[in-house]
Structures are given as structure tokens and as C-alpha cells.
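Chemist: My questions are about this predicted structure, shown below with the sequence.
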2 protein chains.
Amino acid sequence: MQARQIHLIRRPKGVPVAEDFKIVSVDLADPQAGEVEVEALLLSVDPYMRPRLNADQALHEAMLGTGIGRIVKSRDPAVPEGTLVRHAAGMRERFLSAGNAVRILRPDPALPLSVYMHALGGTGLTAYGGLLKIGALQEGEQVVVSTAGGAVGSVAVQIAKIRQCHVVGITGSDGKLAWLLEQAGIDAAINYRTQDLSAALAAVTPKGIDVYFENVGGAHLDASLPRMNVNGRIPLCGMISTYNGAGEGVNNLSEMIYRRVRMQGFVSTDFASLSDQFVEDMTAWLKAGQIKYQETVIPGFESTPEALIGLFSGRNSGKMLVSVCN
Amino acid sequence: MQARQIHLIRRPKGVPVAEDFKIVSVDLADPQAGEVEVEALLLSVDPYMRPRLNADQALHEAMLGTGIGRIVKSRDPAVPEGTLVRHAAGMRERFLSAGNAVRILRPDPALPLSVYMHALGGTGLTAYGGLLKIGALQEGEQVVVSTAGGAVGSVAVQIAKIRQCHVVGITGSDGKLAWLLEQAGIDAAINYRTQDLSAALAAVTPKGIDVYFENVGGAHLDASLPRMNVNGRIPLCGMISTYNGAGEGVNNLSEMIYRRVRMQGFVSTDFASLSDQFVEDMTAWLKAGQIKYQETVIPGFESTPEALIGLFSGRNSGKMLVSVCN
């Protein structure tokens, strides 16, 4: 039988376009001993993928990526047919895998499966570990989050609220701004496309900033640095402003010196040791309605490139997902 | 009697010029009970002063600064006449001070007094704490130091060598480069004015960079970031490239994310708890010849502005000092 994959066929210049990708059908053999066949249910598209399109993503091979799938054929007794699994096998509609290369997912029946792709998935863990471990967030601190309407940011602002912090979110649309204020319940929000970011940030951070959760870089970082308090922290989660080559230089780094600011890069795989505590906390918060979420679900495996491209124009509210209906 | 002070009389634009400063004579009363009169022996001029000229340095008052002086009149029995002291009273030829506002200095007789202004002073402690505490330097790591021929950098490279590291220094003159290789004994040196910094740095850091000790910012930081190893550290000591307003934007900060780089600002006063260990280590290293130094001593109190200005054209080799001959 044949199965589809999304291939990168050329390195994007700037914002990726549809022509950078191609849907390719490949033959799919039957699983051998120890192997399983997985069908994709949900696929993730994320900003972190962009820099890799010009780096370690191989041309003419399946795009990197993670998702949730279901075992449809199994020759590994540990992973029987019907099992739900997490995988990092990339953008494939169906694929063979070693049984021990997928992770069994036992979702809480009170929660929709899709939350395991965001609040209870990699983006949720990124927000949790980035804020609490790298950011060393303390109760009641002053917090600013960029791309606060995105998959990571929208969780980060709500964790900070649960920790009794004063929370400001920066976003790029009035719709996201309204969601942040009304649903996520943060203290102030800024639309950087319609407001002067530096002036607006100064107005809503009268006690400065203890933790600036950074997803953007460039002018966002320059606006935040002069507001940082002594011993402030900047967990460096992403720099979406630079991913498509339109990088703005950062001019205010010297503000870090006297303020003793610590800026630190991280990725969610650094937080494996937090994983059990994260799942326990986040499941409880979701069930209690303390963490709300938005998701933008694009249907159809063939829509995956379009979903990825849409990230860079802010098409998503919350986590961007592709649902694969088999 | 009258005593001279150096005043800032206008905010510099770009590199400070002589006309930004004025030598002013003021009346000096006799010390009251609990007070001492101090005559300056050595004064420090340092890059950190530059940003403060446009910030907290008051106009028409004595310039901030630290130095070593001698008590010439005392009405504080704890600090008798003849005592050598450290002070932070700024650029004053003679001045009154509370006796408990100066710190008694008991120099090792085997060492020249001037080392207490650099290797055994604030710049030495800056290098020591910045590298060992903020940089969390480990034996045998890969180290790069910017302004390696300066007061802080020249100590930092040698501490890293004592810790068995592979050490690269970046400097702006062939004279300093020769000193670093021949006297300080580092592994490689780069003259950023005559070499392509990125290419040269790549060539001499085959194992990447674990600790980049940063004094410059701008293009220096952009060249170093892509060479950082995973879990690398960037102690942020200074950003001399930006101090005179000619700031170059930094474009490569996104390199910090996957490399999990930690960049952290600090000032030497953060290291009070290291002070005893520092004095013990540094005294031993100096006596053993393991730490060599250069100093550029400009004679005459009235030369202080010229000495400060000279820092920004690289006039100094090692620590820039003013000696006041009374």
C-alpha cells in the first residue's frame, strides 16, 4: 500500500511558501517482528521548525515533526493494535516504526485528545519548564510574555497567573488580545502591531519586569530590556522575528549588565525530569478550568505545509494542529 | 586649603572629549571628629564609567571613581595618619571622608601598590568572579575573552590558563596580541582590527566555545554566538562597543536557543563573598608569576580626563591608572 509524506524540496528564502514542499507517496511494507504500523491522527506544526528548514531538515525526505497516532498493525506485543502513541516520525500519514520508538499515550478520558498536542504536550511543557525552571519564577513576580496568544505563550501567561504574578502579554492581533484579557485573565495586554511597544510596555509594567518569557527577539527584546529588574531572567524560548531572515538587530543588551539579567536558551526536551510533575499539575489545572486554551485545527494531511506557513502570518490562535482523518 | 576635583560639566555625545570635563578647586576644611583627610595616590579610570556619564553621574560634581589614598589627617583613631586606604570618593585630589567610609588596605610588601588597583583590585575581582562564578568555568574548557589585552581581560585569560583551559583572546592591536601570546601564554589571539573576526574565531576554536567572557558586544558577540557549545556561558562584563553610542545591533541571539547558552550580566560588587578567596588566590598567583600584568600609568591628577578618554581609543595596555604625586 501507499502512504503520503510531506517532503521539503528546497530551502525556503524568507517565509516558506507552498512550492518549498511536496506531497510524495511511498510504498509501505508490512511491519516486521518488533515493528508497528502507525496512522497519524494529529500532527504538530511549530515555529521551531522554521530555522531547521535551512539547517538539519534533509531535502527530499519527510519533514521532521511530532504527532499522535494510532497503532493499526502490530508485531510488537508491548504496543498492540489500537494503542494511542506519541511519535517523532515527522509528517507521514502512515508509517512503520520500531515498537519501542513510539511512546504510549494514555489520555485522561475527561480531556479531549488534542490537549495532548499542546497544553499537555510539548508546547505546554515548554511554557512550564521555561517559566518555572529556566525563568525560576517566584510567586507574585512581574511577568511579561511575548507571542502571548500562541501555543506556548498562552500557557505561560496562565501558569504565571496561577502563581499569583502580575502578567502582561504581548500579541499581534486584537482578537488574541481580547482572549488574553477576557479568557486567560491576565493583567494587561499589548498589540505590538497597533501600539508603540516600548511606551505601552512601560505603562503596564510600573514595577518593572522580573521574568520576560521571550519568543520573538528583535524590537520586542529591545523594548523589554530597559524594563528588567535587577536579577531579572529572560528564558529564551524562541526568536520568531529572526526565523525568516528579516532579523532586527538587538541594541539594548548592555541593559543586562547592571541589572544582572540572566538570559538563557532552552528546549522542551531539557525538561524530561519535570515531566511527571508537569502532567500532574497541568491535568489538574485543565480540569479545574485554570488553564484555558485555543487551538487552530487545519483538517487534512495535505494541508500540513499550509498550516506551517500560516504560523508566520499569525493565522493560528493558540496551538496550530493538523488533523488527519483516516 | 584648596583641593582639585574633576567635574563632568556636560553629557558627552559619543566618545568623551576634554571639554566635557573641568578641573575645579574647592575649599577643604579640617576633619571633624570621626573624619579623615585623604590624599589620592592612585585613581582608576574604567570603561564602566562611560554609560554612567549619561546616567547617574551628576553634572558639576566630582566624577565617580575609586582609588587608593593615604590618610594625611585623622580624627578617627581606627584610621590613623599614614594608613593606606581604598575609597570610592571619586576623582578628588584631597578630600574629607568619614573614617568608616574608607577601607584600610594592607598591601603585601612583596608586591607593588599599583597591583591593588588592578589584578588585586576591582578589575581582578571582576575577572575572577565573572569567569569562575558567573561563567562557572570548569577545568579544561574552551574559553574566549574579548578585550583580552585590557585590565579585566588580561586577568581573565590567565585565570583560565591556570585552570588548564584552551584560551583565545581577542584584542585590537598587534602589541597586545604579542603580549597575550608571549607573556600571558594563551593559546591563540586575534586582532579584530586586521582580521576577519568570524573566520579567525572559527579557525582557533575547533572545539567550540564553552565560556565567552564578553566585554564588547556587537560584532564580537555575533561572531562568538555561532561558536558556542551546548550549555555554554557568556558572562556579560561589559559592552564597550555600545558605550559611545555607535552600537552595532546583535543579530545572532537565536543561536542561544538550541545551544542552551546562558548569558548573564554582573558587576564586581556582586562578588563580596568571594573576596577573601580571591585575595588569597591572586596574591599567590602574582607572587608565583602565574598572573602577569601590564599597566598604563598616566601621571598627574589633571590628566584624569585624558586617561578616561584614552580608554576608548585603546591607548592603554592592561589597566589604565592615574598616579597623583603629592
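Modeler: Yes, it's here.
Chemist: C-alpha from now on. contacts and neighbour counts both.
Modeler: Will do.
Chemist: Remind me which helix or strand the spatially most central residue of chain A belongs to.
Modeler: Per CA atoms, centre = their mean, the C-alpha nearest to the average position across chain A is that of A:Thr123, at 3.8 Å. Using DSSP states H and E, A:Thr123 maps to helix A:122-129.
Chemist: Check which helices and strands the helix or strand following that helix sits against.
Modeler: Next helix or strand after helix A:122-129 toward the C-terminus (DSSP H and E): strand A:142-145. When contacts are defined as 3 or more CA pairs under 8 Å, 6 or more residues apart in numbering or on different chains; DSSP states H and E, strand A:142-145 sits against helix A:151-162, strand A:166-171, strand A:209-213.
Chemist: Pull the longest one out as PDB, backbone CA atoms only.
Modeler: This file holds the C-alpha atoms of helix A:151-162, laid out as PDB (Å, rounded to 0.1, in the frame of the first residue of the first chain):
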ATOM      1  CA  ALA A 151       0.600  27.900  21.900                       C
ATOM      2  CA  VAL A 152       3.500  28.400  24.300                       C
ATOM      3  CA  GLY A 153       2.700  31.900  25.400                       C
ATOM      4  CA  SER A 154      -0.900  31.300  26.200                       C
ATOM      5  CA  VAL A 155       0.000  28.600  28.600                       C
ATOM      6  CA  ALA A 156       2.900  30.600  30.100                       C
ATOM      7  CA  VAL A 157       0.700  33.600  31.000                       C
ATOM      8  CA  GLN A 158      -1.800  31.300  32.700                       C
ATOM      9  CA  ILE A 159       0.800  29.500  34.700                       C
ATOM     10  CA  ALA A 160       2.200  32.900  35.800                       C
ATOM     11  CA  LYS A 161      -1.300  33.900  36.900                       C
ATOM     12  CA  ILE A 162      -1.700  30.600  38.900                       C
END
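Chemist: re the thing from before, of all the helices and strands packed on strand A:142-145, which one is nearest B:Leu253?
Modeler: Closest approach to B:Leu253 among the helices and strands packed on strand A:142-145 is made by strand A:209-213 (14.6 Å; CA to CA).
Chemist: and for the helix or strand that comes right after that closest one, what are the contacting residues?
Modeler: On the C-terminal side of strand A:209-213, the closest following helix or strand by DSSP H and E is helix A:219-224. For helix A:219-224, the surrounding residues in contact (CA atoms under 8 Å, 6 or more residues apart in numbering or on different chains) are A:146, A:197-198, A:201, A:209, A:212, A:214, A:248-253.
Chemist: now helix A:219-224, how far from the chain's geometric center?
Modeler: Averaging C-alpha positions (CA atoms, centre = their mean, to the nearest Å) puts helix A:219-224 21 Å from its chain's average.
Chemist: Show me what the helix or strand just after it is packed up against.
Modeler: Sequence order places strand A:228-236 as the next helix or strand after helix A:219-224, per DSSP H and E. Counting contacts by 3+ CA pairs under 8 Å, 6+ apart, strand A:228-236 packs against strand A:209-213, helix A:255-259, strand A:262-265.
Chemist: A:Arg233 touches A:Met256, doesn't it?
Modeler: No: applying CA atoms under 8 Å, one finds A:Arg233 not in contact with A:Met256, separated by 9.7 Å.
Chemist: where do the contact lists of these two overlap?
Modeler: Shared contacts of A:Arg233 and A:Met256, counting by CA under 8 Å, 6+ apart, come down to A:Arg262.
Chemist: Let me know how buried whichever residue of the stretch 101-250 of chain A sits closest to chain B is, in neighbour terms.
Modeler: The minimum distance from the stretch 101-250 of chain A to chain B, using CA to the nearest CA, falls at A:Gly249 (4.2 Å). Close neighbours of A:Gly249, defined as other CA atoms under 10 Å in any protein chain shown, add up to 19.
Chemist: was I right about it contacting B:Gly249?
Modeler: Yes: counting by CA under 8 Å, A:Gly249 touches B:Gly249, with 4.2 Å between them.
Chemist: Among the contacts of helix A:219-224, which one is most surrounded by other residues?
Modeler: Going by other CA under 10 Å, A:Ser146 tops the contacts of helix A:219-224 with 30 neighbours.
Chemist: For that residue, give me the pLDDT.
Modeler: The per-residue pLDDT reported for A:Ser146 equals 97.
Chemist: check contacts around the residue lying closest to it once chain neighbours are set aside.
Modeler: Distance criterion CA to CA, 6 or more residues apart in numbering or on different chains; nearest residue to A:Ser146, sequence neighbours excluded, is A:Ile170 at 4.8 Å. By CA under 8 Å, 6+ apart, the residues touching A:Ile170 are A:144-149, A:177, A:189-192.
Chemist: Just the ones of those in helices?
Modeler: A:Leu177 (DSSP state H).
Chemist: and the stretch 151-300 of chain A, which residues reach chain B?
Modeler: A:217, A:236-239, A:242, A:247-251, A:254, A:256-267 (CA under 8 Å from any CA of the partner chain).
Chemist: For A:Ala156, give me its contacts.
Modeler: Contacts of A:Ala156 by CA under 8 Å, 6+ apart are A:124, A:127-128, A:131, A:145, A:148.
Chemist: Put together a markdown table for these, with neighbour count and distance to B:Pro109 on each row.
Modeler: Formatted as a markdown table, the contacts of A:Ala156 follow (neighbours: other CA atoms under 10 Å in any protein chain shown; distance: CA to CA, whole Å):
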| residue | neighbour count | distance to B:Pro109 |
| --- | --- | --- |
| A:Gly124 | 27 | 61 |
| A:Ala127 | 26 | 57 |
| A:Tyr128 | 26 | 56 |
| A:Leu131 | 27 | 52 |
| A:Val145 | 28 | 55 |
| A:Ala148 | 28 | 61 |
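Chemist: Tell me what the residue nearest to A:Ser146 is bridged to.
Modeler: Assessed by DSSP bridges, A:Ile170 has beta-bridge partners A:Ile190.
Chemist: what about the helix or strand containing A:Arg52, distance to the chain center?
Modeler: Element membership for A:Arg52, per DSSP H and E: helix A:49-53. The chain centre lies 13 Å from the centre of helix A:49-53; the measure is CA atoms, centre = their mean.
Chemist: in chain A, what spans have low per-residue confidence?
Modeler: By pLDDT under 70, the low-scoring segments of chain A are A:244-247, A:326.
Chemist: Now with 90, please.
Modeler: A:1, A:47-48, A:51, A:150-151, A:239-249, A:311-318, A:325-326 (pLDDT under 90).
Chemist: domain parsing for it?
Modeler: Domain segmentation of chain A under automatic domain parsing yields A:2-118+A:294-323, A:125-269.
Chemist: Please work out which of those domains is packed deepest.
Modeler: Mean neighbour count (mean count of other CA atoms under 10 Å in any protein chain shown) peaks for domain A:125-269 among those, with a mean of 22.
Chemist: tell me the contacts of the closest residue to A:Val261 other than its chain neighbours?
Modeler: Distance criterion CA to CA, 6+ apart; nearest residue to A:Val261, sequence neighbours excluded, is A:Gly232 at 4.8 Å. Contact analysis of A:Gly232 by CA under 8 Å, 6+ apart lists A:209-212, A:259-262.
Chemist: ok, so of those residues, who is nearest B:Leu274?
Modeler: A:Arg260 (17.1 Å).
Chemist: what's the burial count for A:Gly289?
Modeler: 10.
Chemist: same thing with A:Ser275?
Modeler: 17.
Chemist: Need phi/psi at it.
Modeler: Backbone geometry at A:Ser275, expressed as degrees, to the nearest 10, gives phi -60, psi -50.
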